[in-house]
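Asks: Mind folding the following:
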Amino acid sequence: MQPPIDEVKQRLLRAFQPEAAAGIDRVYQFHIGGERRFHIEVQNGVLTVSPGAHAEPSVTLLFPDVDTALALIEGRLDPMQAFLEGRIRSDGNLILALQLRALFWR
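Replies: Next up, the predicted model:
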């Protein structure tokens, strides 16, 4: 069973590194398993996690499940390898997608 969105939000907030996000203004849209959607906004060192789709995301990331999304964020999954293996897809700027991990655990 996949963790509820509230648990995902708490794990994202715990893993976030504000100093790594200084001066950054981006929106990452997450589509998980085709059904669950939420987005994270990073604005100058502040992280906001919100349910649903954002009107103008910087990049959209498509994950097969929550565990894969959390593994990427928490540093347990190499983003380049995951993209090459087709475990993660993106719609939009791939460079921004690859930079996401730098905003979280190192």
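Asks: switch to C-alpha atoms for all contacts and neighbour counts from now on
Replies: Fine.
Asks: now the strands for this protein?
Replies: For the chain, the strands defined by DSSP state E cover 25-32, 36-43, 46-51, 59-63, 89-92.
Asks: for residue 98, what are its contacts?
Replies: 79-80 (C-alpha atoms under 8 Å, 6 or more residues apart in numbering).
Asks: at 10 Å what do you get?
Replies: By C-alpha atoms under 10 Å, 6 or more residues apart in numbering, residue 98 lies in contact with 72, 78-80, 83, 90.
Asks: Check residue 104 too.
Replies: 12-21, 72-75.
Asks: Then residue 35?
Replies: Neighbour list for residue 35: 64-65 [criterion: C-alpha under 10 Å, 6+ apart].
Asks: How much space separates it from residue 103?
Replies: In this structure, residue 35 and residue 103 are 25 Å apart, going by C-alpha to C-alpha, to the nearest Å.
Asks: With residue 36 instead?
Replies: Here the criterion is C-alpha to C-alpha. By it, residue 36 lies 22 Å from residue 103.
Asks: surely residue 29 meets residue 69?
Replies: No. Using C-alpha atoms under 10 Å as the test, residue 29 is too far from residue 69 to be in contact (11.5 Å).
Asks: neighbour-wise, which of these two wins?
Replies: Each of residue 29 and residue 69 has its neighbours counted (other C-alpha atoms under 10 Å); residue 29 has more, 26 against 21.
Asks: So for residue 36 and residue 103, which sits in the more crowded spot?
Replies: A side-by-side neighbour count of residue 36 and residue 103, using other C-alpha under 10 Å, places residue 103 first with 20 against 15.
Asks: Show residues contacting the top helix by length along the chain.
Replies: Counting residues, the longest helix found in the chain (DSSP state H) is helix 5-15. Under the contact criterion C-alpha under 10 Å, 6+ apart, helix 5-15 has outside partners 2, 36-38, 40, 46-51, 66-67, 69-70, 73-75, 101, 103-106.
Asks: Residue 72: what's it in contact with?
Replies: For residue 72, the contact set (C-alpha under 10 Å, 6+ apart) comprises 63, 66, 78-79, 82, 88, 98, 100-101, 104-105.
Asks: Next: residue 64.
Replies: Contacts of residue 64 by C-alpha under 10 Å, 6+ apart are 31-35, 86-89.
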